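Student: Need coordinates for the following:
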Amino acid sequence: MMIKKIIPLVLLLLFLSNQLIAGNQSLTRLNDISVKNFNLPDIDGENYTLTDFRGQPVIINFWATWCPPCRRELPSMNRAWQKIKNQGIHMIAINVGEDEDTIFSFTGDYPIDFLTLLDLDGSTVKAWPVKGLPTTFVLDPQGRIVYQAVGEREWDDEALLDKVRALRTKP
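Tutor: Okay, here's the model as predicted:
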């Protein structure tokens, strides 16, 4: 019974990883979709809500340690964070369904330099329009989804980051 539930997810993940095109830096423009607030802990147990980040653009990446495209994407996200961390933009990694020990062990080999939150019960990933892992959303200062990226990207690409930077001045 459990295998019947897992097979479609595995097939979707394989499809997404095989569909990734090297150099694809596109973001899908969305029509300012409102999303549900979350209240999630970080690896140290401190809780954060989406409303904590209102007033500035936010890049939110849904990922898991077992996801090969997620692992490939992380170094570029760290480089992007180094570029934007002092520019009034937040970056958050939301791990889907794994515990602190798993993530702590993972980050020994794959460091994450920006805020990492834990969606332990999967309620946040279910409440957001996530289509596979990794899925990344760019939110405007009002907390609405403006862009979506399904699959890995090179997040340190200047053209991609310029789209996020442009949101800082958007009313």
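
Student: rest of the way, CA atoms for contacts and neighbours
Tutor: Will do.

Student: Name the residue closest to the centre of the protein, please.
Tutor: A centroid search over the chain (CA atoms, centre = their mean) returns Asn61, at 0.2 Å, as the residue closest to the centre.

Student: Grab the nearest non-local neighbour of that residue.
Tutor: Thr136 (4.2 Å; CA to CA, 6 or more residues apart in numbering).

Student: Correct me if wrong: the residue nearest to the centre of the chain contacts Val130.
Tutor: No: in this structure, Asn61 is not within contact of Val130 by CA atoms under 8 Å, at 9.9 Å.

Student: any idea how far Ile103 is from Val146?
Tutor: 28 Å (CA to CA, to the nearest Å).

Student: re earlier: any idea how far Gly108 is from the residue nearest to the centre of the chain?
Tutor: 19 Å.

Student: Gln56 too?
Tutor: 30 Å.

Student: Could I get the buried residue list for stretch 88-97?
Tutor: Residues of stretch 88-97 classed as buried: 89-97 (neighbour count, 16 or more other CA atoms under 10 Å).

Student: sec struct for the residue nearest to Asn61, please.
Tutor: Following DSSP: H, G, I helix; E, B strand; the rest coil, Thr136 is assigned to strand.

Student: Who are the contact partners of it?
Tutor: Counting by CA atoms under 8 Å, 6 or more residues apart in numbering, Thr136 touches 59-62, 148-150.

Student: Now do the same for stretch 63-72: mean pLDDT, whole number.
Tutor: In this model, stretch 63-72 has a mean pLDDT of 96.
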